[in-house]
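Asker: Here's a sequence, model it:
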Amino acid sequence: MKTKYKIAGGILLSFLFLYVILPFLIVGGPTPFYEIKNNDTVSHKITVEIFDPQNNSIHKKDYFLEPHEVLKKPKPPILVLKTYFIDKECGCRFESTLNNNSSASLLINYHPWNEPSISVSENKIHIEELSI
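Answerer: Numbers count the residues shown, from 1 in each chain. Sure, this is the predicted structure:
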């Protein structure tokens with residue numbers, strides 16, 4: 001009986017190491033929830049809103065960024081757990097508005113190692129997905 005428990009424990013530990021720990025050792029920790037870069041020479045108000053697949057707003061926040069300022073919002077741990085262990089992807093629509101005027105939108109399937117990156121330059125806003 002003891003050898004069966006040792007074998008089962010060894011298999012379980014091997015699985016945990018290969019599936020859970022090794023990817024984080026190779027790739028690193030999860031990327032931010034989103035990143036905003038103000039590459040402009042003036043301050044800007046940037047509104048970030050995220051919608052779930054049912055088009056419900058799940059996150060809305062205004063940021064005031066100074067020239068050449070970078071802001072990184074950490075990914076919520078529940079999203080990392082959900083996308084890593086439960087669902088493979090969490091589809092969301094990501095919208096950002098610059099000074100209540102121009103806006104940009106991006107559909108993204110979140111996983112632990114991707115993020116929307118918002119950049120502002122010359123009074124224009126641009127969103128792209130960065131992935132490791």
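
Asker: give the contact list for the residue nearest to the spatial centre of the chain.
Answerer: Note on the chain: the residue nearest the mean C-alpha position is residue 33, at 3.1 Å, using Cα atoms, centre = their mean. Contacts for residue 33 (Cβ atoms under 8 Å, 6 or more residues apart in numbering) come out as 73-76, 79, 115. Using the backbone N, CA and C atoms, a C-beta is placed for each residue, glycine as well.

Asker: I'd like to know which of those residues is nearest to residue 40.
Answerer: Closest approach to residue 40 among the contacts of residue 33 (Cβ to Cβ): residue 73, at 19.6 Å.

Asker: Which residue is the nearest non-sequential neighbour of the closest one?
Answerer: The shortest distance from residue 73 to any non-neighbouring residue, by Cβ to Cβ, 6 or more residues apart in numbering, is to residue 33 (4.5 Å).

Asker: Many thanks, we can stop here.
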